[in-house]
Structures are given as C-alpha cells and as structure tokens.
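A.B. asks: This is the structure alone, sequence omitted:
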C-alpha cells in the first residue's frame, strides 16, 4: 500500500544476517549536484559502485549487483536517472526489487519531494538509514507502446511523472530556467507561472493555447474520455499522470490527496479556468470546471494516442499510442 512507513511493516532482513547490508550504488556523475562528491563511499567493502554511461551500461551494472545479492540499491541522480534504472532493472529484478534509496542530485527531484527525503540526503546518510529509517512505498508508472511501428516509438518504460501538451512546453521552458540558475521547486514555480501567462494572454495561435491532438481511453474497457468541445478540433491542452502523492511547492495537481495512479486533463485552456489556476493548483475543483474540460480522477490504467512528444520524468519521447498502468511496489528508505 502506498505511503506506509516502518510503523506499519517489519523492516526487511539482509541476506547476510547481522552483517552490513550489501549495497549497490548507481552514480550519475553528470547529475547537477554530484560532480565527484561522495566517491569515497566506493571504498567500503560492502558497497558495489558503478558509474554507468547510458542504459546498456546501467543494465550491465544492475545485473552485476543482482549476482552479488545486494540488499540495498541507491540511485544517486535525478528523476531521469531513476527512470532509466527502473526501466533497465525491471528485466533483472521483476517484482522482487531490493530496498531503494534515491538521492536528490538532479535538477528537479520530484520523487524525493514525495518521499520526504531531506535536501542534503547523501550516500552516507542513506547507508546509515537502512537499518531503521522510514520505509515509503510507491508503484511507478509503466508506459508501454500499444503498437511498435518501427518508427522510433519508445519501448516499455518505468517512471513517476508523465505529461503532454502544456507540460511538454513547461519542461522545455524549465531547461531555460535551469540555465538561469533556477532549480527544484523554484524552477517548477517559474515555469508554471510562465505557462499560465502564455496561455492566458496569448492568441489562439500561441502554442501554449493550441495543445496537441490527444485521445484518451480509460480502464480495461478502453472507454474514451469525451472531449468537452469548444474548438481546436479535439486537441487537448494538458495531460498529467503520476503515482506520486506530494509535489514541488505544494502543488495539488490531482486535487485532493489520492494514492495510486491519477490522471489530470485539460481540453481547451479557457481563460476563465486559467484565471483560477492558482485555486486549481491549491486543490480546488468544481463541477463547472469539469464541464469546461478540466478533469482530475483516479484510474486503474489508460491509453493515450498523441501526435506530439510526451514527457516521462523530464525526457521527451516520440508520438504514438501508449498504454499506462502501475508497476511493482517499491520500497524506499528515507531518514
């Protein structure tokens, strides 16, 4: 169950009894806050350390860790590194993952905001937290192409935040914010504010207002999510989906607190909705907003067909038709 801690579950036993846990570390030296820090941890006898470059090397390192029988896997990098490790590790670990820790070393670190890890959480802290730290349980999104047309459609991936339309534009704007020195919650706040301004005051030809061609089908029965109308030929301004429960700067992207897989969509960006965006992001929602095409809902699974790129944990992936559900329950350690 999502969100439980050690108060609700017994701590896992290491494979080596009372000995220190066997630890595997995936260290991304390109992550914003790494730059060679914490490398002395690699000298510990119970630590298996890897600095892989790309998914092929990540998969090889995880395979080595599995053969060593690690108890604890530490991902030292940002949200994109987490996505790549989970995607590569699914084939190796299946539903039987070691205990995990994620360090806030990237530019946004949305997963760490949800888990409640402190800003300075480092490798030594994570190893020290393994015996008695809090356990937080989350299931990642599984995003899989419905059809592989050989045109570069992404394969099966695991991650935590999926978005399209205005979210894709926001992530690209976020890269500019990073170059100006804004990171983490500040970058999220800056790009959210900029996107709302563009959609509110821009012309209908503005890319922030036109959205993307996006069809959505809910659940095993693939019930189509009806478009609220209002122009733009069935295009939608926004799709967001996640299994996380808390978001940067306290944004309530999915309305009231919900566990599990959630979906937020906006059809046409009516200016009346955009004016009230601060209330929406604070968790306010009403029936008339739903009638105007703003929806927040829990889902078991969904499919989407899109004619533009979408974003999974900060990286763009190609247009196509994809199925989204939830993956294995993962256990994360935080102090």
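C.D. replies: Arrived safely. Just so you know, these numbers come straight off a predicted model, no measurement behind them.
A.B. asks: can you list the weak-confidence ranges in the chain?
C.D. replies: Within the chain, the segments meeting pLDDT under 70 span 1-18, 30-42, 148-153, 173-208, 230-233.
A.B. asks: In it, mark out all the helices, start to finish.
C.D. replies: 55-68, 79-93, 110-115, 123-129, 166-179, 184-201, 207-210, 271-275, 277-281, 287-291 (DSSP state H).
A.B. asks: what comes up buried for the first one?
C.D. replies: Within helix 55-68, the residues that count as buried by 16 or more other C-beta atoms under 10 Å are 58, 59, 61, 62, 65, 66. The C-beta positions use only the backbone N, C-alpha and C, and glycine is treated the same way.
A.B. asks: Kindly report the same for the fourth one.
C.D. replies: Judged by neighbour count (16+ other C-beta under 10 Å), helix 123-129 contains these buried residues: 123, 125, 126, 127, 129.
A.B. asks: My read is that the fourth one contacts residue 23, right?
C.D. replies: Looking back up the chat, that one is residue 127. Yes. Counting by C-beta atoms under 8 Å, residue 23 is a contact partner of residue 127 at 6.1 Å.
A.B. asks: between the two, what contacts are shared?
C.D. replies: By C-beta atoms under 8 Å, 6 or more residues apart in numbering, residue 127 and residue 23 have these common neighbours: 44, 47, 72, 74.
A.B. asks: who wins for most neighbours among the residues you listed?
C.D. replies: Using other C-beta atoms under 10 Å as the neighbour test, the shared contacts of residue 127 and residue 23 are led by residue 74, with 27 neighbours.
A.B. asks: what are the bridge partners for it, then?
C.D. replies: Listed beta-bridge partners, residue 74: residue 25, residue 101 (assigned using DSSP bridges).
A.B. asks: Tell me which of the helices of the chain lies nearest to residue 333.
C.D. replies: In terms of C-beta to C-beta, the element of the helices of the chain nearest to residue 333 is helix 123-129, at 5.2 Å.
A.B. asks: which residues does residue 312 contact?
C.D. replies: Shown in contact with residue 312 (C-beta under 8 Å, 6+ apart): 83, 141, 143, 157, 159, 161, 162.
A.B. asks: Pick the one among those residues closest to residue 254.
C.D. replies: Out of the contacts of residue 312, the member with the shortest distance to residue 254 (by C-beta to C-beta) is residue 161, at 11.1 Å.
A.B. asks: from what I can see the closest one touches residue 248, true?
C.D. replies: No. Using C-beta under 8 Å, residue 161 makes no contact with residue 248, being 10.5 Å away.
A.B. asks: When the two are compared, which one has more neighbours?
C.D. replies: Using other C-beta under 10 Å, the more surrounded residue of residue 161 and residue 248 is residue 161, with 24 against 19.
A.B. asks: Let me see the contact set for the more buried one.
C.D. replies: Residue 161 neighbours (C-beta under 8 Å, 6+ apart): 79, 110, 141, 240, 241, 242, 244, 311, 312, 313.
A.B. asks: What's opposite the fifth one in the beta bridge?
C.D. replies: As for beta bridges, residue 241 partners with residue 162, residue 263 under DSSP bridges.
A.B. asks: Let the chain start at 26 from now.
C.D. replies: New numbering, starting at 26: the last item is residue 266.
A.B. asks: neighbours around it, how many?
C.D. replies: Residue 266: 26 surrounding residues under other C-beta under 10 Å.
A.B. asks: now do the second one
C.D. replies: Taking other C-beta under 10 Å as the criterion, the count of residues near residue 135 is 24.
A.B. asks: contact partners of stretch 266-281?
C.D. replies: With C-beta under 8 Å, 6+ apart, stretch 266-281 has contacts from 27-28, 133, 135-136, 138-139, 141, 163-166, 185-188, 209-210, 213-214, 217, 265, 282-289, 306-308, 310, 321, 324, 327, 349, 351.
A.B. asks: Check these for burial and list the buried ones.
C.D. replies: 133, 135-136, 138-139, 163-166, 185-188, 209-210, 213, 217, 265, 286-289, 306, 310, 321, 324, 327, 349, 351.
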